[in-house]
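Peer 1: Generate a structure from the sequence data that follows.
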Amino acid sequence: MDGGGGRPDSRLRDLAAGLPLIAFCGIAVIGFAIQITRQWPARDGFSSYVVIASEAMGAVFLATQLFLTCVRRLPIDKASGWRPRAWAIVGANSSYTLVLLPKHIPSGTVAIISLAFIVIGTIGSIAALAWLGKAFSIFPQARQLVTTGPYRFVRHPLYLCEQISLFGICLQYAQPWGLLIAIAGLGLQFPRMRYEEDVLTRTFPEYRSYARAVPLLLPGFHRRPG
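Peer 2: A predicted model of the protein is given here:
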């Protein structure tokens, strides 16, 4: 079913819709591999290895998205109109504006904090992606309802973990602009989450009771939806 009012999705049509993401992830993974090869072995000690580690984990995360886009289930329903898609694109890609900033290799305590955030966030993101599995999509769509694993604790663990990684990565760029981009990226996720939840509530009646019981983004911070 296509909630946007179009014809039902086929496997070929869904794969074609995912081609931009597949191409982006594939090119980015290759770019990370080239960059890591050029930087290895690190010349500036621990701080340089922090940058290399963040690039390697970013490549693994993008490769996971590429794979899931190729094997995911067909959508049952979708958000209609251009606004949900626009918010999804902006929310998913706003963090890449970091590359417009001068790179700053952190040192000492800042390097350790950066690495810790990146490792925790990326491992959590990959775990959430793996649990989401064939329900993965960038646009607000209903493919399968997932309420177990990390989704028992918050409704959007993938976005939470992505933000944790982003706060670690932003420390490798000029400040305060890097931190401001990370904060703006967090704010842009909230309209995206609202559109996703509208589709899930419409498609899966049980989602409403799930949303009443499980926090949106942070464990322990829960405002029950209406």
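Peer 1: mind showing which ranges of this structure have poor pLDDT?
Peer 2: Per-residue confidence of the chain (counting by pLDDT under 70) places the weak regions at 1-8, 42-44, 222-226.
Peer 1: give me that answer again for 80
Peer 2: Segments of the chain classed as low confidence (criterion: pLDDT under 80) are 1-9, 41-50, 105-107, 220-226.
Peer 1: show me where it has strands.
Peer 2: 77-78, 141-142 (DSSP state E).
Peer 1: Neighbouring strands of the last one in the sheet, and parallel or not?
Peer 2: When you say that, I think you mean strand 141-142. According to DSSP bridges, strand 141-142 forms sheet pairs with strand 77-78 (antiparallel).
Peer 1: Quick one: distance of the partner strand to the chain centre.
Peer 2: What separates the centre of strand 77-78 from the centre of its chain is 20 Å, taken as C-alpha atoms, centre = their mean, to the nearest Å.
Peer 1: what's the answer for stretch 91-110, then?
Peer 2: Its chain's average C-alpha position is 16 Å from that of stretch 91-110, according to C-alpha atoms, centre = their mean.
Peer 1: can you give me the helices in the chain?
Peer 2: Counting by DSSP state H, the chain has these helices, from start to end: 11-17, 19-39, 46-71, 82-93, 108-132, 157-170, 177-203, 207-213.
Peer 1: List the buried residues for the first one?
Peer 2: So that's helix 11-17. Judged by neighbour count using 16 or more other C-beta atoms under 10 Å, the buried positions of helix 11-17 are 14, 17. (C-beta placed from N, C-alpha, C; glycine too.)
Peer 1: which other residues reach that helix?
Peer 2: Outside of helix 11-17, the residues within contact range by C-beta atoms under 8 Å, 6 or more residues apart in numbering are 9, 70, 72, 74-75.
Peer 1: hang on, the earlier thing: and of the strands of the chain, who's closest to A63?
Peer 2: Taking C-beta to C-beta, strand 141-142 is the member of these nearest to A63, at 21.5 Å.
Peer 1: Go ahead and name everything in contact with that closest one.
Peer 2: Here strand 141-142 has contacts from 3, 75-79, 199-200, 202-204, using C-beta under 8 Å, 6+ apart.
Peer 1: Nothing else from me, thank you.
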